[in-house]
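J.: what follows is a predicted structure for the sequence shown.
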Amino acid sequence: MDTAPAAAKRDFLGFSHLDAGKIIELFDFSLFIKKKRREAPSGYTYRPIEGKTVAMIFNKPSLRTRVSFELGIHELGGYSINLDGKSIGVNSREAVEDIARLLSRYNDAIVARLHEHSVIEDLARNADIPVINALTDLSHPCQILADAFTLYEKGLWKDDCKIVFVGDGNNVANSWIELAGILPFRFVLACPENHLPDAGLLETARAKGAGTVEIVHDPFEAARDADVLYTDVWTSMGQEEEAAERLETFRDFQINAKLLAEARPSAVVMHCMPAHRGEEITAEVMEGPQSIIMDEAENRLHVQKAILVKLLNHEEYRKFHLTHRLENVARKLKT
């Protein structure tokens, strides 16, 4: 008797397997997820991953990522198991392939926040269940998806949107660059000459060519007519010994009132957090009327819930989009 082939396992390690249409689908589903939560202040009843368990491996400290994933899993009806990466000994006490295979026997998905990107690739390669990149030294796709969704939600996303990242060519900048290979927008990285982004991701994004990527070394040149000014800490986790040197290197790469004045009057300010007020951003700008930093932080919850449903209950995800398309057709027929 013929049997249908099993559905391919889906991971979320970055944007390489997505196209513009799939990203907009994720954004629309995130809006739906967010609306569902606001409609049920006394009891969240939308639970499409009821009974699913998600193992969360954290090799790095976390506030937003851990809380948003743990809460999101709970609200969707699932259960999270939190594992300290040092305690389980990723790649020391336990081989990555053994961890991946074992967790696949126990759980329905893995969320991992790690140092080396190669480790999360090994996890995904050896796991039979979906693996989600909650941050590596190379990339931070959940953060950037939530950031882009925030602009989409506010009606600020457009093909000629100029997003200027001021600071280090780090994992957050890398994910913006990767996204620029898929969505049409203008990304400008203003960084010191010796703090460039990943060359491979940059080359791939430029080859895909959906958006544009520019690297400049003058933040004021970069900020002119910007729609978004974005920054991150100058010293990331694991770079603490370089803190004094980095303070000196990046001192001219601060988002402050003077730099903000170079952007469009309608420009917004974003930061992936944690923020060091007085270093990469001033308190005045962070708390000012153009800041949407807390909005993007909140949206980590809604976007990650959308990712979880897409990976763990794809039928529910597809059902939403079919209903969504039919509603749009009906709306157009009425008008």
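T.: Thanks, I have the structure now. Numbers count the residues shown, from 1 in each chain.

J.: quick one, helices of this structure?
T.: Applying DSSP state H to the chain gives helices spanning 20-39, 64-75, 85-88, 96-106, 117-126, 141-153, 171-180, 199-208, 219-223, 243-249, 257-260, 283-286, 293-312, 314-334.

J.: neighbours of residue 171, how many?
T.: By the criterion of other CB atoms under 10 Å, residue 171 has 22 neighbours. Placement of C-beta: from N, CA and C, glycine included.

J.: likewise for the one 5 residues further on?
T.: Other residues near residue 176 number 26, with proximity taken as other CB under 10 Å.

J.: re earlier: dump the helices of the chain to TSV, plus distance to residue 51.
T.: As requested, these are exported to TSV (distance: least, CB to CB, whole Å):
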stretch	distance to residue 51
helix 20-39	19
helix 64-75	11
helix 85-88	24
helix 96-106	13
helix 117-126	23
helix 141-153	23
helix 171-180	32
helix 199-208	37
helix 219-223	48
helix 243-249	45
helix 257-260	48
helix 283-286	41
helix 293-312	10
helix 314-334	14
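
J.: could I get those helices as TSV with mean pLDDT and distance to residue 231?
T.: As requested, those are arranged in TSV below (pLDDT from 0 to 100; distance: least, CB to CB, whole Å):
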stretch	mean pLDDT	distance to residue 231
helix 20-39	95	23
helix 64-75	97	16
helix 85-88	85	27
helix 96-106	96	33
helix 117-126	97	22
helix 141-153	98	12
helix 171-180	98	9
helix 199-208	97	19
helix 219-223	98	10
helix 243-249	92	13
helix 257-260	98	10
helix 283-286	98	9
helix 293-312	98	10
helix 314-334	78	33
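
J.: contacts only, for residue 176.
T.: By CB atoms under 8 Å, 6 or more residues apart in numbering, residue 176 lies in contact with 144, 163, 165, 187, 189, 230.

J.: do that again at 6 Å, thanks
T.: 144, 165, 187 (CB atoms under 6 Å, 6 or more residues apart in numbering).

J.: out of the helices of the chain, which is the most enclosed?
T.: Among the helices of the chain, judged by mean count of other CB atoms under 10 Å, the one packed with the most neighbours on average is helix 171-180 (a mean of 26).

J.: nearest to residue 234, of the helices of the chain?
T.: helix 243-249 (4.8 Å; CB to CB).

J.: list the contacts of that closest one.
T.: For helix 243-249, contacts defined as CB under 6 Å, 6+ apart pick out 192, 234, 235.

J.: can you count the residues close to the second one?
T.: If I follow you right, that is residue 234. Neighbours of residue 234 (other CB under 10 Å): 25.

J.: wait, isn't it in contact with residue 276?
T.: No. Taking contacts as CB atoms under 6 Å, residue 234 lies outside contact range of residue 276: 7.5 Å.

J.: that's all I had, so thanks and see you.
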